[in-house]
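Trainee: here's my sequence, what's the structure:
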Amino acid sequence: MGSLVIYQGITCKLLAAEEPFQTRLQIISPNDISKAMQVGFSCWGYPNEIMKEVTPEELECLQNFGRFPLN
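Mentor: So this is what the prediction gives:
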């Protein structure tokens, strides 16, 4: 994976699942940290690992359409 997608208006990198983690999103721009935290992202490693685990529904939408939500 590692493809770029849009999650609630935030450009992110879609990271493949790696034990023990499921598929995750990582923000690209530090300018999006505040918005990302408001929609469920958290800091996994300082300073730039702001990530969120992806639900199966979100993953399907991101893989098929490159964005979540669709509207």
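
Trainee: how far off centre is stretch 49-68?
Mentor: Distance, stretch centre to chain centre, for stretch 49-68: 6 Å (C-alpha atoms, centre = their mean, to the nearest Å).

Trainee: distance between the ends of that stretch?
Mentor: Stretch 49-68 has an end-to-end distance of 20 Å (C-alpha to C-alpha, to the nearest Å).

Trainee: need the contact partners of that stretch.
Mentor: 3-8, 14-15, 21-27, 32-33, 36-37, 39-44, 69-70 (C-beta atoms under 8 Å, 6 or more residues apart in numbering). (Glycine included, C-beta is placed from N, CA and C.)

Trainee: part of a helix, is C61?
Mentor: Yes. According to DSSP: H, G, I helix; E, B strand; the rest coil, C61 belongs to a helix.

Trainee: what's the spacing between the spatially most central residue of the chain and C12?
Mentor: Computing the C-alpha centroid of the chain and ranking residues by C-alpha atoms, centre = their mean puts L25 first, at 2.2 Å. According to C-beta to C-beta, to the nearest Å, L25 stands 4 Å off from C12.

Trainee: where do the contact lists of these two overlap?
Mentor: Common contact partners of L25 and C12 (C-beta under 8 Å, 6+ apart): V5.

Trainee: with just CA atoms, put the helix or strand bottoming out on mean pLDDT in the chain into PDB.
Mentor: Ranked by mean pLDDT, DSSP states H and E, the weakest helix or strand in the chain is strand 42-45, scoring a mean of 93. Written as PDB, here are the backbone C-alpha positions of strand 42-45 (Å, rounded to 0.1, in the frame of the first residue of the first chain):
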ATOM      1  CA  SER A  42      -3.600  10.200  17.600                       C
ATOM      2  CA  CYS A  43       0.200  10.500  18.000                       C
ATOM      3  CA  TRP A  44       1.900   7.200  17.600                       C
ATOM      4  CA  GLY A  45       5.400   8.600  17.600                       C
END
